[in-house]
Structure formats: structure tokens, C-alpha cells
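**Q** Quick one, what's the 3D model for this:
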Amino acid sequence: MKKITKDTLKKWDACADGYARFNELFPKGADLKTASGGLIKYGHLSWSNWLWSRCKQDDDYIEQTVVTAGDEGTATAGYHGTATAGNHGTATAGNRGTATAGNRGTATAGDEGTATAGDEGTATAGDYGTATAGYHGTATAGDEGTATAGDEGTATAGNRGTATAGNRGTATAGNRGTATAGDEGTATAGDEGTATAGNYGTTIAGEEGCISIQFWNKEKEKYCRKIGLVTDGQLKANTPYKLDENGEFIEVTK
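**A** Modelled structure (predicted):
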């Protein structure tokens, strides 16, 4: 594995203090994992992050930013890194990183990162991030993030986020967010949000929100969509609604 040396740091225009400290800790150079760990150990987290960033941009070192574990393994990557784990594994990447786990795995990415988990897995991304989980999976993204889960899955996004779940799934978004669920699913959005569900679905929206449910129009012989606004007084805020056989909104009672 190619080492990071003082010549490498010169090529990358390292700062004088960072250059001196690196050569003090690693006079013969070091690979990314060793160098990053050593810098963090001695309180130089920002320099470690910088190394990951530079390696990510250099073809001679980019392979060191990818951490891969086999089935039932655990892969962990630093900032700007990529972590990939096999089935039953756990993948964790730092900010702006990418974490991918196999079936029934768990993938966690930092802010602005991308987390992808296989079927029945759990994917969690920070704010502005994207989390995607397979069927029966759970995807959670922070504010302004995007969470997508397959059929029967659960997708949750924060304020101004987008949550999408497949058939029989549950999608929840915060204020001013968008929640979309497939047939027989449940979509919930906060204040000023939009909740959309497929056939036989259930929708809930907060104050000044909008709900929409798809249904089959027998007369027109095509799918139509019933749309309602919480602001017009017709619908109640934070109340679950379905459609009756005539395509009209009705409150869901327990």
C-alpha cells in the first residue's frame, strides 16, 4: 500500500505546521489508515480530515479511502471516506462519506453523506443527506434530507425533507416536508407539508398542509387523486384521513 510521505504532502500543498507534525510522527511516511489514526490520537482531527479529502482526490491513494468488510463484518471510514460491508455487516462513514451495507445490515453516514442498506436494513444519514433502505427497511434522514424505503418500509425525514415509502409503507416528513407512501401506506407531514398516499392509503398533515390520496374512478375508468387543504376548514390538522367508496375524505377512527 502506497505511503503518504513528505513529498506527497508537498504535492498536496500541506500547511507548514501540518507538514512538520506529520514528518515528526511518521518520518518514514505512512498509509492513510495509520496516518489518520495517529493524527487523531494526538489531537489533530482536522488534519486527519484533510488527509482523507486529499486521498479521495488522488488516483494513487483513492483506493485507501474505501473500507470493505466481508459478510458479518464491520467497515468504518473516516471523513470523506467510503465504507462497504457485506450481509449482516455494519458500515459507518464520516461526514460527506458514503456507507453501504448488505442485506439486514446497518449503514450510517454523516452530514451530507449517503447511506444505503440492503433489504431489511437500516440506513441513517445526517442533515442534507440521503438514506435509502430496501424492502421492510428503515431509512432516516435529517432536516432537508431525503429518506427512501421500499415496500412495507419506514422512511422518515426532518423539516423540509422528503420521505418516500413503498406500498404498505410509512413515510413521515417534518414541517414544510413532503411525505409519499404507496398503496395502503401512511404518509404524514408537518405544518405546511404535503402528504401523499396511493390507493387505500392514509394521509395526515399539519396546519396549512395538503393531503392527497389516489383512488380508482369507476365512472371515468381511470385513477384519480383527491386533494384537500387543511387551510380551507374542511380538513382537520394532524388527523388521519382515508377515502370512502365515493372518493371523499373520511376521518380514520381507531
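**Q** check contacts around residue 190.
**A** Contact partners of residue 190, counting by Cβ atoms under 8 Å, 6 or more residues apart in numbering, are 159, 173, 174, 175, 176, 177, 205, 206, 209. Just so you know, the C-beta spots here come from the backbone N, C-alpha and C atoms, and that holds for glycine as well.
**Q** with these in mind, which one is nearest to residue 24?
**A** Closest to residue 24 out of the contacts of residue 190 is residue 159 (45.8 Å), distances taken as Cβ to Cβ.
**Q** Got the confidence number for the closest one?
**A** What the model reports for residue 159 is a pLDDT of 92.
**Q** Now do the same contact list for the closest residue to residue 166 other than its chain neighbours.
**A** Among residues not flanking residue 166 along the chain, residue 151 sits closest, at 3.6 Å (Cβ to Cβ, 6 or more residues apart in numbering). For residue 151, the contacting residues are 135, 136, 166, 167, 168, 169, 182, by Cβ under 8 Å, 6+ apart.
**Q** Tell me which of these has the lowest pLDDT.
**A** residue 135 (77).
**Q** gap between that residue and residue 34?
**A** Distance of residue 135 to residue 34, computed by Cβ to Cβ, to the nearest Å: 40 Å.
**Q** swap in residue 105?
**A** Taken as Cβ to Cβ, the span from residue 105 to residue 34 is 27 Å.
**Q** Pick out whichever of these two has more residues nearby.
**A** Legend: neighbour count by other Cβ atoms under 10 Å for residue 105 and residue 34, higher for residue 105 (32 against 15).
**Q** wouldn't that one be in contact with residue 89 here?
**A** Yes - the pair formed by residue 105 and residue 89 meets the contact definition of Cβ atoms under 8 Å, at 4.8 Å.
**Q** before we move on, back to that, tell me the two of the contacts of residue 190 that are most distant?
**A** Farthest apart among the contacts of residue 190 by Cβ to Cβ are 159 and 205. That separation is 14.0 Å.
**Q** phi, psi of the residue located most distally from the centre of the chain?
**A** The outermost residue of the chain, judged against the average C-alpha position, is residue 219 (41.4 Å), by Cα atoms, centre = their mean. Phi and psi for residue 219, reported as degrees, to the nearest 10, are phi -70, psi -50.
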